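Student: okay, structure incoming, though there's no sequence with it:
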């Protein structure tokens, strides 16, 4: 019988996707849904984040940003649940959805990072604040890119361990 043992990269991917579920539902969704649908503690956390970073995309979401959040809720969120279920099993049916997810998500980070460095909403921010925002958003570029690379790199990205289960 084959058994799958998660690698370090699998653990990073797993916890990234697992942590992204509450972030998407409770924080990111506030960019498009009315505040009344969220518990007040959650809106306070989002407000605190937007004020302390300062992140213009979350403080006052621009029109171009909102469709990205819609895509996150409709496409990425279901994928997070799929990934959290399939990664520990080493389920290779995750390969194609994982490749699509990784490339799609990395692409959505281009306009976000573009706004951080070149946008009108950040033109008056000190460079150190822009670097802080880039550091906050970077994992949402780098981990999906790494995941897509991992999925692309082999027709069987999850290979069973030789140990019997």
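Tutor: Nice, I can see it. Since this is a predicted model, take the numbers as computed values, not measurements. Residues are numbered from 1 along each chain as shown.
Student: buried residues in the lowest-mean-pLDDT helix or strand in the chain?
Tutor: Least confident helix or strand of the chain, by mean pLDDT, DSSP states H and E, is helix 56-59 with a mean of 90. Residues 56, 57, 58 are the ones in helix 56-59 that count as buried (16 or more other C-beta atoms under 10 Å). Using the backbone N, CA and C atoms, a C-beta is placed for each residue, glycine as well.
Student: give me the number of residues near residue 95?
Tutor: 19 (other C-beta atoms under 10 Å).
Student: hang on, it packs against residue 155?
Tutor: Yes. With contact defined as C-beta atoms under 8 Å, residue 95 reaches residue 155; the gap is 7.4 Å.
Student: list the contacts for residue 93?
Tutor: Residues near residue 93 by C-beta atoms under 8 Å, 6 or more residues apart in numbering: residue 86.
Student: you'd agree it is in a helix?
Tutor: Yes. According to DSSP: H, G, I helix; E, B strand; the rest coil, residue 93 belongs to a helix.
Student: any idea how far residue 127 is from it?
Tutor: Using C-beta to C-beta, to the nearest Å, residue 93 is found at 44 Å from residue 127.
Student: still on that earlier bit, the least confident helix or strand of the chain: what's the following helix or strand?
Tutor: Downstream of helix 56-59, the next assigned helix or strand under DSSP states H and E is helix 65-71.
Student: counting contacts, what elements does that following helix pack onto?
Tutor: helix 95-118 (3 or more C-beta pairs under 8 Å, 6 or more residues apart in numbering; DSSP states H and E).
Student: no further queries at this time; thank you.
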